[in-house]
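Novice: Output the structure for:
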Amino acid sequence: MLIEKGIVYFIPKINYVNLKPLTSIVLLLFILVIPFHYVPIISSQNWNEAGYYIDAAEDYGYDWSHLNYNTFATNHNPQQKIHQHNIDNLEIKWIFPIPEPHNNSLGGYNIAGQGEVSSPLLINGTVFFATAQGKIFALNAKTGNPIWIHTLDLDRQRDEQANLPIFIGKGITHVHGLTYYDGQLYVPSPPCDIVILDSISGEITRRIRDICDVGESLGNTGQYKGPQSYGPTISKRNNVMIVSGGSVDETNRGGRGFFAGYNLTTGDLLWRFFVLPPSGGDSNWALIHADRGWIRGVRASDLPRESLLNDWGEAGKLGSQAGPNRGQWIIDEESGIVYVGTTHAAPASNATNRPGPNVFAGSILALNSTNGKLVWWHQLVPHDLSDWDCNWNMILARIEFSSETKK
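Specialist: A predicted model of the protein is given here:
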């Protein structure tokens, strides 16, 4: 195999949580010759003439700077150095065993038996990933040697005593992915926080606390499950960070799920968008939004009024709820619209107390990233009884449709 200058990195996601007696997880790097180029750190100045945002990965193909590669979440790297004719030449260059924790507790949270489930990012020759043990790693992508390791500052006793509407479980919440922007890493952390780290040093620069501090005054009588397991979506042009208000809980104790926008510079809350009506219900909830949405391809305003009336019943009072999705939300920097998905309505297998389609559960939402206003919605899984959701990932693309290019 030819190995000269530069590298292409392929780092598979590996989870050995349930494999015994293995006690560690490894990251593997496969190497193949390509010319190495320095890729600049993403900044808010990278725009083409048409006004579309272009990040470093889209420019060169040498980085994997987002959970699903780029801002459009295409999961496609345009590089041409690895292809079907030389894929067999890839060889293992290094293996990094993820250290086992010294004890089974971190700040009072149980981390026993937890592994690594996050998708690594590759930025300027550094690999970043998080573990479910409360640690974030930065590795030299050429050698596999650690550059820094950051341990989250957790305090379960403090979280319990804060008396927030959050279910404080015994275990730590899994981190499935990080967000990178402008030299910083955005990390979800218990109980419902976003920790911001300097990507060069690993030092904490800021912490946005208690995102799920949403009580009865805002229509919530349930408990949130904790932080979104993925990093936030960032609108570079509008300087807004979009986060979620806790993952959905499959039990009857879930909170009133929401999306929220924060000023990226100050950390101030700008807006919230709730996925379902306030606790106690709103009989007109689905009707109010019918003119901007669809249910399984049918415009909601064309459906019989009685099919939308009293959509959620008494909502949160009897446990019925829904929340934001998992995965990378996508943003169109040209329009300022962020596209998000939502979870199933819960309890997933019991719809006794939620008689209607349950707007906006199991849906794709288009929100204005600057103010959180709803642009449109499309429910793909109405009245979900199978935990199907409408989450994980979407892809934004430009395609030819009826001799016209559409987004």
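Novice: how distant is stretch 299-315 from the center of its chain?
Specialist: Centre-to-centre, stretch 299-315 and its host chain are 30 Å apart (Cα atoms, centre = their mean, to the nearest Å).
Novice: how far does it stretch from start to finish?
Specialist: Distance across stretch 299-315, first residue to last, is 24 Å (Cα to Cα, to the nearest Å).
Novice: For the residue nearest the centre of the chain, report the pLDDT, please.
Specialist: Geometric centre of the chain, nearest residue: residue 230, 3.3 Å, by Cα atoms, centre = their mean. On the pLDDT scale, residue 230 is placed at 85.
Novice: same thing with residue 265?
Specialist: If you check residue 265, the pLDDT there is 94.
Novice: burial measure for the closest residue to it other than its chain neighbours, as a count.
Specialist: In space, residue 265 comes closest to residue 239 once its chain neighbours are excluded; the distance is 6.2 Å by Cβ to Cβ, 6 or more residues apart in numbering. All C-beta spots, glycine's among them, are computed from the backbone N, C-alpha and C. Residues lying near residue 239 (other Cβ atoms under 10 Å) number 16.
Novice: pretty sure residue 239 is touching residue 262, no?
Specialist: No. Taking contacts as Cβ atoms under 8 Å, residue 239 lies outside contact range of residue 262: 9.8 Å.
Novice: show me where pLDDT drops low in the stretch 251-400 of the chain?
Specialist: Confidence mapping of the stretch 251-400 of the chain against pLDDT under 70 gives the ranges 251, 319.
Novice: and with 90 instead?
Specialist: Judged by pLDDT under 90, the stretch 251-400 of the chain has its weakly predicted residues at 251-255, 280-281, 314-329, 343-353, 385-400.
Novice: got the residue ranges for the strands in it?
Specialist: 258-263, 269-274, 293-295, 298-299, 330-332, 337-341, 363-368, 374-379, 399-401 (DSSP state E, counting those that start in this stretch).
Novice: Just send these back as TSV, with mean neighbour count and distance to residue 388 too.
Specialist: Shown next, in TSV, are the strands of the stretch 251-400 of the chain (neighbours: other Cβ atoms under 10 Å; distance: least, Cβ to Cβ, whole Å):
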stretch	mean neighbour count	distance to residue 388
strand 258-263	22	20
strand 269-274	18	21
strand 293-295	22	14
strand 298-299	12	18
strand 330-332	23	20
strand 337-341	22	11
strand 363-368	22	12
strand 374-379	18	12
strand 399-401	8	26
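Novice: what's the closest non-adjacent residue to residue 127?
Specialist: Once flanking residues are discounted, residue 127 sits nearest to residue 139: 4.4 Å by Cβ to Cβ, 6+ apart.
Novice: can you list the weak-confidence ranges in the stretch 51-200 of the chain?
Specialist: For the stretch 51-200 of the chain, applying pLDDT under 90 flags the ranges 51-62, 67-83, 98-103, 111-119, 132-133, 163, 166-177, 190.
Novice: Would you state the strands of it in chain order?
Specialist: Assigned by DSSP E, counting those that start in this stretch, the strands in the stretch 51-200 of the chain fall at 91-98, 105-106, 109-110, 121-123, 126-130, 135-140, 146-151, 179-181, 184-189, 193-198.
Novice: Would you enumerate the residues in contact with the residue nearest to residue 203 when sequence neighbours are not counted?
Specialist: Counting by Cβ to Cβ, 6+ apart, residue 197 is the residue found nearest to residue 203 once chain neighbours are left out, at 6.8 Å. For residue 197, the contacting residues are 136, 150, 184, 185, 187, 203, 204, 205, by Cβ atoms under 8 Å, 6 or more residues apart in numbering.
Novice: what's the closest of the strands of the stretch 251-400 of the chain to residue 210?
Specialist: Judged by Cβ to Cβ, the one of these that comes nearest to residue 210 is strand 269-274, at 10.6 Å.
Novice: That closest one pairs with which strands, and in what direction?
Specialist: Strand pairing for strand 269-274, using DSSP bridges, gives strand 258-263 (antiparallel).
Novice: quick one, the strand it pairs with and strand 363-368 angle?
Specialist: Angle of strand 258-263 versus strand 363-368, following axes from the mean of the first three to the mean of the last three Cα atoms, to 10 degrees, is 20 degrees.
Novice: ok and strand 258-263 relative to strand 337-341, angle-wise?
Specialist: Between strand 258-263 and strand 337-341, the angle comes out at 150 degrees (the same axes, to 10 degrees).
Novice: what's in contact with strand 258-263?
Specialist: Strand 258-263 has contacts (Cβ under 8 Å, 6+ apart) with 208, 211, 214, 232, 239-245, 268-275, 323-324, 340, 365, 367, 369-372.
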